[in-house]
Structures are given as structure tokens and as C-alpha cells.
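J.: For reference, the sequence and a predicted model appear below.
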Amino acid sequence: MKTFTTFFFALFITTISAQDAAFKKFYNVNKDKSTFSINLSASLAGSFLDEDTDDDLLNVIRKSSDFKLMIFNNDDNVVSKDFRKFSRKNNLKTLVRIKEDNSNAELFFIEKGNYIREIIIRANGDSDKLVLFGVKTKITQDELAAMLSSSNLKVASN
């Protein structure tokens with residue numbers, strides 16, 4: 001029984017460590033181009049929200065385990081091209097794409113089973129910087145839709 005318990009625990013630890021977030025893998029490959037990177041736990045990220053924060057957003061934060069903000073030098077769009085390849089290889093699904101003048105923003109997600117496991121926001125503007133924000137989470141599409149529909153953001157097309 002002791003051997004079985006030890007084996008099971010070792011398998012569990014291996015499984016947890018193998019579940020590295022996709023956006024962290026992208027960062028590890030491109031960290032030489034990074035100018036800034038910070039990790040936040042969900043509890044620390046939640047402490048930045050005020051009392052008037054929407055309940056749906058709080059629900060997403062409660063079900064999230066890791067936040068990572070990364071800023072890259074994007075000279076000649078090298079990192080953007082790498083991210084496009086990365087998004088295709090990892091089957092990132094595009095939820096929202098916004099373009100205005102020379103600024104772009106996209107919201108991607110990775111779905112496994114009935115859950116959204118990661119949300120990645122990519123943004124860049126006129127400068128040579130690319131910003132990626134990744135959230136490792138376990139929410140349903142309905143929970144994400146509720147959060148987006150209750151948002152104060154208004155999206156209009158021209």
C-alpha cells in the first residue's frame with residue numbers, strides 16, 4: 001500500500017508539473033525578446049479589484065490560478081509572427097479581434113473538454129512593443145459569455 005501511495009503521489013506531481021500554460025511556453029521560447037514579465041497569483045490579482053467589480057469577473061478570477069503579463073520588443077514584427085505560428089500550433093481560438101488605426105488587440109482561448117483552460121490577450125500599437133496577458137483558468141463558455149455581456153465595453157462596427 002505504501003508503494004502504491006508513493007507511486008500515485010509521484011504520478012500526480014508529474015502530471016501537475018507537465019501542465020505548463022501555453023503562454024508560458026511561448027514566453028520561454030521568446031524570453032530573450034522580452035522587456036518585462038510578471039506573474040501574479042489569483043489571490044494577489046483579486047486584491048487590486050475594488051468593491052464595485054462585477055460578480056462575473058470575480059467568478060472568473062476565483063476560478064483562475066495564474067496570471068502572466070509579458071511585454072516584448074517586436075522589431076520588424078518578429079514576435080508577432082512567432083505568436084501567430086504559436087497560436088496555430090496550439091489551436092488557440094479567437095474570440096474577439098479589434099483593429100483601430102495601427103493598434104490591434106485579440107482575445108484567444110484554449111478549450112479542453114467543456115472548460116476554457118487559458119485566456120490570452122495580445123495587443124500592440126504604433127510602437128515596437130507587443131503585450132501578452134495570459135490567464136490560466138477553468139471556466140465554461142457560458143461563464144465567459146456572461147462576463148463579456150455584463151461588461152461596460154461597447155463594441156461597434158463601422
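T.: Sure thing, it's come through.
J.: Which other helices and strands does the one helix or strand residue 88 maps to contact?
T.: Assigned by DSSP states H and E, residue 88 falls within helix 78-89. Packing partners of helix 78-89 (3 or more C-beta pairs under 8 Å, 6 or more residues apart in numbering; DSSP states H and E): helix 22-30, strand 129-139. Where you see a C-beta, it was placed from the backbone N, CA and C, and this is true even at glycine.
J.: so where's this protein uncertain?
T.: 1-21, 42-59, 150-158 (pLDDT under 70).
J.: switch the cut-off to 90
T.: 1-70, 73-81, 90-91, 93-105, 107, 109-114, 116-121, 124-130, 133-158 (pLDDT under 90).
J.: can you pull the contacts of residue 136?
T.: Listed by C-beta atoms under 8 Å, 6 or more residues apart in numbering, the contact set of residue 136 reads 21, 64-67, 117-118.
J.: all helices in this protein, in order from the N-terminus.
T.: Taking DSSP state H as the criterion, the chain carries its helices at 2-18, 22-30, 42-46, 55-62, 78-89, 141-149.
J.: Cross-check the contact I'm expecting between residue 130 and residue 78.
T.: No - Residue 130 lies out of contact with residue 78 (C-beta atoms under 8 Å); the separation is 9.3 Å.
J.: Look at these two and report which has more neighbours.
T.: residue 130 (25 against 15; other C-beta atoms under 10 Å).
J.: beta partners of the more buried one?
T.: The partner list for residue 130 in beta bridges (DSSP bridges) reads residue 72, residue 124.
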